[in-house]
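A.B. asks: next one to model:
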Amino acid sequence: MASQSQGIHQLLQAEKRAKDKLEEAKRRKVKRLRQAKEEAMAETDQYRMQRDEEFRQKQAKIMGSQSNVLEEIEVQTLGKIKELNASYSASMESVINELLSIVCDVKPEIHVNYRITN
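C.D. replies: Numbers count the residues shown, from 1 in each chain. Sure, this is the predicted structure:
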């Protein structure tokens, strides 16, 4: 009987050691998974920051070129306005005089389609 109880006791101890080893393996697995998840999150954060920086650089390049285009258009527009104002000032007097002479100098004539009927 003593040998049976000793054998049962050894089996229980072996079962307990196996159970402890399984629990330890599960803890290591959970720890490894948690560590892998943290590493993956760190990598994705790093990749996201890298892509965000590239995006900001491209955006700044595009927006910078657009602002240069806008400045060029603004300069061209102001130059054209000055040119038109100069042309207006130069020809204003002669155009007004010509219009006044056409309107004020009326030459009475009989229209070519007018028929004299008696």
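A.B. asks: and Glu83, how many neighbours?
C.D. replies: 10 (other C-beta atoms under 10 Å). In this view, the C-beta of every residue, glycine as well, is placed from N, C-alpha and C.
A.B. asks: likewise for His9?
C.D. replies: 10.
A.B. asks: measure it to Ser3 for me?
C.D. replies: Using C-beta to C-beta, to the nearest Å, His9 is found at 10 Å from Ser3.
A.B. asks: try Tyr88
C.D. replies: For Tyr88 relative to Ser3 (C-beta to C-beta), the value is 124 Å.
A.B. asks: neighbour count for the two, which is higher?
C.D. replies: Tyr88 (10 against 7).
A.B. asks: tell me the confidence at the more buried one?
C.D. replies: pLDDT, Tyr88: 92.
A.B. asks: list phi and psi for it.
C.D. replies: Torsion angles at Tyr88 (phi, psi; degrees, to the nearest 10) stand at phi -60, psi -50.
A.B. asks: same deal with Val106?
C.D. replies: Torsion angles at Val106 (phi, psi; degrees, to the nearest 10) stand at phi -90, psi 130.
A.B. asks: low pLDDT regions in the chain?
C.D. replies: Filtered on pLDDT under 70, the chain yields the residue ranges 1-2, 118.
A.B. asks: in three-state terms, label the residue positioned nearest the centre of it for me.
C.D. replies: Centroid check for the chain by C-alpha atoms, centre = their mean gives Gln59 as the closest residue, at 6.1 Å. Using DSSP: H, G, I helix; E, B strand; the rest coil, the secondary structure recorded for Gln59 is helix.
A.B. asks: what's the distance between it and Glu53?
C.D. replies: 11 Å.
A.B. asks: how about His9?
C.D. replies: 66 Å.
A.B. asks: could you do Arg115 as well?
C.D. replies: According to C-beta to C-beta, Arg115 and Glu53 sit 89 Å apart.
A.B. asks: which residues in the protein form helices?
C.D. replies: For the chain, the helices identified by DSSP state H occupy 2-104, in order along the chain.
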